[in-house]
Structures are given as C-alpha cells and as structure tokens.
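*Asks:* Model the following, please.
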Amino acid sequence: MLEINGVVESIIFRNEKNSYTVMRLSTEDGTITVVGYISYKTPGTELRLSGEMVYNEKFGEQFKVKRVLDSEVNYNSSIEAYLKSGAIDQIGPAMADRILKAFGDDTYEIFKKSPERLLEVDGIGKKKLAKIMASFNSQADMEEVLMELTSLGISLELARKLFQKYGDGVLEVIKKNPYILIGRGDGIGFKTADEIAMSSGVPRNAPIRIEAGAVFLVERFNSEGNTYIPAEILINRLVEFLKVSRDDIIAAKKQVVTNTNLHFVMQRGELVVYNRALEMAENYIALRMNKLKKNPLYKSVYDIDNRIRNIEAVDEIKFSDKQRDAIEKAFETRSLIITGGPGTGKTTIVNSILKIAREMGISYALAAPTGRAAKRMEEATGSQAKTIHRLLEYTFTGKYMEFLRDDKNSLDQEMIIIDEMSMVDVILLSDLMKALKDDSRVIFLGDVNQIPSVGPGNVLKDLINSRSADVIMLDKIYRQKDESQIVENAHRIKIGAFPVLNKKDSDFFMINSENEKETVKIIKELISERLPKFYNVNSLLDIQVMAPMKKGMTGVFNLNKEIQESLNPYEKFKEEYKKGGEIYRLGDKVMQTKNDYQIEWASYTPEGVEYENGLGIYNGDIGFVTRIEGNSLFVDFDGKVVEYDDTTIINLTLAYAITIHKSQGSEFPVVVIPVHYAPEILANRNLIYTAITRAKKLVVLVGKADRLKSMIDNVMINDRFTGLDTKVWEIDRILIDEVTKTKLRYMRKRNK
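*Replies:* Next up, the predicted model:
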C-alpha cells in the first residue's frame, strides 16, 4: 500500500450520492489524478492518503484511494456528502448548497451546537427547522459513524447499509474482523472486505485474512464446477492471490481448518478441502443410492418379457438386447441409469417403460432440470413432465424459497424418471434424493458426453463410474434410415474423430471464415436470407445461433446486437424498452435467464380474452416481445404471456444467440455455430458435441476448421474435482462392514 501527501488543486468530478471523487492533487513528485470514495475536500486542503497506482485505459495513471490518513476525522469536510445524500429529511442537494454556502466549514458545528442559526438560510422556517433537526437528531449516532466509515474508503451508500444492520457497533465489527461482512446480504464480497481490512490496518498475513481468502477461493473453485479442491492447489492459489508466503498459511492453519464453511478430508490418499454444503450433498447422494441398491423390490414383477413382446408386435419394432435389458431392469431394480447419444433409442425405451408401468398400475413422475427439457420430455412421451423444482414443489414460504417435498414429505409416485441428468448438479440431486421414498424406483436418463452441469459436480459421470445403479450404455444408432449426418457426426466427435463436412444433400455443413468479422456477416446472411430461402425455415422460430461464450465479436452479446439490427432494426415509431444497456423492441426474441416460480403469466384467446393463468417461467424459456407499454414489457412464451417491469426484466435477455450451456435440454430445427477462438475450458469436445446434438434438421458451422479440430481434441472439461463416486464406494464399504458386524454379533449371541 502506497502513501502520498499533497494539496487538493481541483475537483474534476464528484458523485454526491456516494461521495466518489476524482481530483487533482499536487505532490512533491508533481500533480496526479486521485480517485476514490472521499469526503468533500476544498481546493487547498492538505491530504495524506493510502492506496495504489492503477492504470485506466482512457484516463491513464491514477492513484486509487483506499484510506484517508488524516490524524482524525474531519467532520466539517465530510458534512457536505452527508447533507447531499438525502439522509436528513427536508434537505436535498439544493438546500444543502445553501446551508454550506451560509456556514462553510462551521456547518457541522452549527448543526450540533447552534441549530437555530439554520433559520438564516433562505427556505428554512420554524416548521422546516423542526423537521430537519428531528431527522438530524434521530441519527445523532449515525452521522459520525458514517463519516468515519467513509474515511476508510467505504461509500456513503454502503456505510449507511452497514450502520442500519450493525448500529454504532459497526466500527468495532470492522476493526475486529471486516471479513465477517462477506455474504451477509449487503453486497460485500471478498474484494470489498479486503479493501476495508487493508484500510483498517489488518496485516496482509493476518490469519483472519488467510481464512477469508481460503473460503473465497474454495467457493471460486466450486463455481468452476468442482466440489472440492486439493489442499496443495489451495495453498498455491492462496500464496498467489493474497501475496503471502507458505509459512504465513501454515501459521494460519488452525484458523482455516476450524472455519465452519470448510472441511478438510483425506480422499483417495490426498488431503482435499470441501465446502461443507457440497460435501454433505455428495455424502447424502452416496448414502441414498447405496440404500436404494440394497433395498429389494417387494412388489412382484411378472411377465415383463411378454409385455415387451406385445409392444414389439403392436409398434412393429424390434428391441436390441440392451434396449430389452433397460426395460426389464426398470422393473427389477430401484435405481437405473440409461445413457446414450442421439439416435440410440432412449425415447423408445422410456415410452415402453411408461406403457408397462401404466398396465401394471405403477404410478410415475417425469421431470427434467429445465422448463424446455421438461417440455421436450412431455412431447416425446405424451405424459406430463415437470421441472425438478416444480416436482419438488419449490415454493415461497413467506421467508424464503424452499422445497415442500423432502425427507419428511416424500413424493407419492413409485417410479421417478429424470431426463437430461448431465445438467443436474450435486445440490439439486441431493434435494431430489431427499424426496424419494425408500421403496421408490428412480431412472436417470442422459448423455454422459454432453457438458456437465453449470453448478458443481459431474453427477451422471460419477454415478456411472461408481456403479451405484444398474447402467445401460446405448451405443447403437437407430436413425440410419434417416441418413442423418448430424447423428453420425455427433458419434464421430464423441470418439474424437473429425466430422464429415459438406456432403451433397447433407444436414451438416461448415462455411469457412478466416476472421470473426466475416463470420458475423455470414451468420447474419444465413439467418435473414440464405437458410429461409433454401430450407423454407423461419428466421426467428426455427433458427438458433449458439456460441461457446458471451464476450468477443462472435460471442452472444455482440451477436445478439448484430442479429437484432438485421432482423428487427430500429424504426422511428417502433416501441422500445431500454434497461441496463440492452434495448428490447416489439417482436424481439428473448430468453428467461433464471427460474422465477412466482412470476405470473396468463393465456389469451385470439380475441384477447384471458382463459388461463398461473405462476412460473423458467431458465432457458424463449419467447417474443408482443407489447411495450410505459414501464411494462410483455413477452409471449408459447402462449403464456408475462409482464416484465424494471425489477423482473433483469432476468431477461435477447435470444437471437444463446450460449451452448443455455441450450442444454433444448432442441431446435436449425443450429448455427460460430467456430473461432474461445478459452480452453470452453472450447472442448463436450461443448461442440452438446451444440450439434441440439439440432433436429440442420447444423451450420461458420469459422475455421482447425479451431473445430482443436475443440474436438480438447477433453479438458472432464477434469473436474468431484468425489461422489469415491463416496459411494466408501459408504458401500461402511454399510457392508456394518452388515458383517451385525451378523457376527448375531452369531456370537446364538452360539452363547
């Protein structure tokens, strides 16, 4: 941390709401630009500041203030920001200016000792003065604390939040351990807490700092899909991130190990660090899967073979040995995993299972992780399918959202079938397992070669590896009669082979493009002209652009703007809705980015008469803007019309282009994919495989063939640190040991 001394030359910019200031400071080394949250300083004021030099691409080198090091808090110079913040009733920016002009540096003393002098200010009478002082006095403890907090570099807005939460003891909280402010709902993360700590004089190698850094880095590792981090990797990252030594970390070991959010365990002979919630989730899944496997079916299962033969005869199909085995096992075991790529017959198997279940009177429920995946499942089976959250009755209980179906209120159905299991993370699977009855049957469907869940874990792969359930791997393609190059190329990519491109009358093409600018141009032409013309498809309804990442010229953000200007450009009288840098126009294609179980929707007849309503729009749902009225924007999601306002629209985004991750669980007639540079963690085999398997009729890649090859060669996505398979084996061993001990105790007792 640097310290500088100087004299304020001028104020370039000042935000009166949060006290953010840009000023010119004259120092012994010349004049520099200073930025940061600083109470008001008049030109000519001497300052001693601590902070760091930063470089701004637009404005050059600047000194970023962490703390004002005046010997004591200058309340007179801080009062301006306080008065203009709106904290005191009856005083706005204009009135604050009049008060400050009248009393200058004596303003604070006037409020404290001679408030009657405020009557000298134009616009303040006796009644207004009484209201002003009542408001000021009600915050008598507050203003001095706020001023002291701002001297630590904390914005006035955040300082006010902290005071409201912790009262005048907030300074003691910060001095004792500013890191306890993290994650308390005030918008304070590690970076902000660390800046406060450094400004408060907390040593760089303090155990409380290393502890908070460890929690932060474990959470960051979890956000990358891992459920744990090897201890050695954590230590190395702490050294680099906190700029401390290994000895410092060893000295803080006790503080870190006893943190309630972390758990150190030996796993596969290696010391690893878990977030406790994720470890508990993995443990619970492992325990329930083991118990399901060891719990025999009491209900008599008869003549399944005859029922399978009847289906073959009626539907004029012939099941393979693996398909027949999958159907039989659905009625012979309590846990079954069916995995396979496109065209391998998963839907045929599920429909046969459901037909037999109905004949036998076995109740069942179908679910998937997202609304679009559930809709696809419903269309494929003809049976109702829900999101997993809806199946578990995710509900607002008055305080927070929670699942009403759990270990105390189990699901009623005897058979639960979950599709798109590659999208399910360990937390959601743990919640699902809690809601299963001990005598349930559970069937997991999915494609293990798709990208794993956005959340932590790789549950489908881990469950298959653990053999905690019977596993049927489908590898034979049954769509050959359709001569689908999409299906063939998907299976080629799955094994690391390069796809067959640009065959005559094919449904899989690649257009060469040497740079991203050209790719954007080609994609716009494909969507607006070429594909609709040659394939008779609708630009908005049938074609979906999917990109590996959000940023960059061929990223989702830029593609959406470019395609919007191509398909739905600005028109003088066309209604628009602007929010957060995004512009929505009538007719725009949009997507919900977060599950919202409380948002209302309604369905209307062509005449505009409402005939149905309900709650809930889900992550990945795609719709179209149908109306804009004032601060309201209306979106039609397949007949469900939702009204968005400034609060709910933050969960909406343009959907001309979406990320491949967001496409999981969906299918589109035509998929267009830019193929250019992306970070290694994104540009991998699983990602491109997932993308092309979203297409039903046509795939068009635009970009460079060598980039496509590098994606196919990259299997980096498989390297997640997860422990579910290990935990299944460990719990299985423990359960076997317990059974053995029970038998031995019984035998000893009998022998006696």
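*Asks:* From Arg160, how far off is the closest residue to Ser453 other than its chain neighbours?
*Replies:* Leaving aside its chain neighbours, Ser453 sits nearest to Asp425 (4.1 Å; criterion: CB to CB, 6 or more residues apart in numbering). Placement of C-beta: from N, CA and C, glycine included. Asp425 sits 37 Å away from Arg160, going by CB to CB, to the nearest Å.
*Asks:* swap in Ile362?
*Replies:* 59 Å.
*Asks:* Next, the distance between the ends of stretch 309-324.
*Replies:* 10 Å (CA to CA, to the nearest Å).
*Asks:* Could you pull out the buried residues of that stretch?
*Replies:* For stretch 309-324, the neighbour count (16 or more other CB atoms under 10 Å) marks Ile311, Phe319, Lys322, Gln323, Arg324 as buried.
*Asks:* C-alpha coordinates for stretch 121-130, CSV please?
*Replies:* The C-alpha trace of stretch 121-130 is given here as CSV (Å, rounded to 0.1, in the frame of the first residue of the first chain):
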residue,chain,number,x,y,z
VAL,A,121,-30.9,30.1,5.3
ASP,A,122,-33.4,31.0,2.6
GLY,A,123,-36.2,28.5,2.6
ILE,A,124,-35.9,27.3,6.2
GLY,A,125,-38.7,28.4,8.5
LYS,A,126,-39.5,27.3,12.0
LYS,A,127,-41.6,24.3,10.9
LYS,A,128,-39.0,23.1,8.4
LEU,A,129,-36.2,23.6,11.0
ALA,A,130,-38.1,21.4,13.5
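*Asks:* Now that stretch: average pLDDT?
*Replies:* Averaging pLDDT along stretch 121-130 gives 92.
*Asks:* Please enumerate residues in contact with it?
*Replies:* Residues outside stretch 121-130 that contact it (CB atoms under 8 Å, 6 or more residues apart in numbering) are Gln90, Met95, Arg98, Ile99, Ala102, Pro115, Glu116, Leu118, Leu119, Ile132.
*Asks:* Dump the residues you listed into TSV; add distance to Glu57, neighbour count and secondary structure as well.
*Replies:* Listed next are the contacts of stretch 121-130 as TSV, based on distance: CB to CB, whole Å; neighbours: other CB atoms under 10 Å; DSSP: H, G, I helix; E, B strand; the rest coil:
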residue	distance to Glu57	neighbour count	secondary structure
Gln90	43	17	coil
Met95	39	20	helix
Arg98	40	16	helix
Ile99	39	22	helix
Ala102	42	16	helix
Pro115	48	15	helix
Glu116	52	10	helix
Leu118	46	22	helix
Leu119	51	11	helix
Ile132	44	20	helix
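*Asks:* In this model Leu654 seems to touch Val635, though I could be wrong.
*Replies:* No: using CB atoms under 8 Å, Val635 is not in contact with Leu654, being 11.6 Å away.
*Asks:* list residues touching both of those two?
*Replies:* With CB under 8 Å, 6+ apart, Val635 and Leu654 have common neighbours Val590.
*Asks:* So for the two, which sits in the more crowded spot?
*Replies:* Per other CB atoms under 10 Å, whichever of Val635 and Leu654 has more neighbours is Val635, with 26 against 23.
*Asks:* Dihedrals phi and psi, the more buried one?
*Replies:* phi -120, psi 130 (degrees, to the nearest 10).
*Asks:* element containing the closest residue to it other than its chain neighbours?
*Replies:* Nearest residue to Val635 in three dimensions, chain neighbours excluded: Gly623, at 4.4 Å (CB to CB, 6+ apart). In the assignment (DSSP states H and E), Gly623 maps to strand 622-629.
*Asks:* now for that strand, which elements pack on it?
*Replies:* strand 576-579, strand 582-585, strand 589-592, strand 632-637, strand 640-644 (3 or more CB pairs under 8 Å, 6 or more residues apart in numbering; DSSP states H and E).
*Asks:* Many thanks, have a good one.
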